[in-house]
Structures are given as C-alpha cells and as structure tokens.
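S.K.: Give the three-dimensional model of this entry:
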Amino acid sequence: MLAGTIEIIKKDKIKLSGTVRVTPGERNAPVRPTTPRTVPPGPVQARVVESSRDYAIIEVVCSCGCKTHIQCQYAAAKP
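M.R.: Reported below is the predicted structural model:
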C-alpha cells in the first residue's frame, strides 16, 4: 500500500473539465498548463503505483515536486 500522508479529496473540491482515456502501458500523459509560466516547468510525471482487478492508484508528480495519488475504480464489465 502507499506510505506517507494521505489526503482525502472531497467531491466539492473537484472540478471536472473533460475526460482522458488512459491505456495500459502508457507512462506519461501530456499536461496542459492553464496559466502562462514565467520560468520553464520541470518534468511532470504520472505512473501506476498499484493495480488490482477493481482499481488502480496513479501517482502524479507535479513540476514543483508535489505528489498526488489518485485511486480510480474500474467500472463493472458488461457481459
């Protein structure tokens, strides 16, 4: 499991702005900043840190070094 501080993000803090399809084996996803930067950004990374039949946990590392873990529940497969 994940070590360190865990923060629960409440649904009222989430802003939906579209969808992205993540395919297995994808290592880094493109990230588009919403505001212009005055200094070049550092590398932004995303990787799957845990995966099971029911969910995956994705670790996103911001250009500032901040790490965020996102747990994605898989939808039930349709027969």
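
S.K.: now the chain, which segments are flagged as low pLDDT?
M.R.: For the chain, applying pLDDT under 70 flags the ranges 1-9, 11, 14-41, 77-79.

S.K.: ok, 50 please
M.R.: Applying pLDDT under 50 to the chain flags residues 1.

S.K.: ok, now how distant is the closest residue in space to residue 50 that isn't next to it in sequence from residue 42?
M.R.: Once flanking residues are discounted, residue 50 sits nearest to residue 57: 4.2 Å by C-beta to C-beta, 6 or more residues apart in numbering. Glycine gets a C-beta too; all of them are placed from N, C-alpha and C. Distance, residue 57 to residue 42, by C-beta to C-beta, to the nearest Å: 23 Å.

S.K.: Same check on residue 76?
M.R.: Residue 76 sits at a distance of 38 Å from residue 42 (criterion: C-beta to C-beta).

S.K.: cool, residue 55 as well?
M.R.: Distance of residue 55 to residue 42, computed by C-beta to C-beta: 29 Å.

S.K.: With residue 49 instead?
M.R.: From residue 49 across to residue 42, the span is 20 Å (C-beta to C-beta).

S.K.: before we move on, the earlier item: quick one: which of residue 76 and residue 42 has more around it?
M.R.: In this view residue 76 and residue 42 are compared by other C-beta atoms under 10 Å, and residue 42 has more residues nearby, 11 against 7.

S.K.: Quick check: the more buried one touching residue 63?
M.R.: Yes - in this structure, residue 42 is within contact of residue 63 by C-beta atoms under 8 Å, at 3.9 Å.
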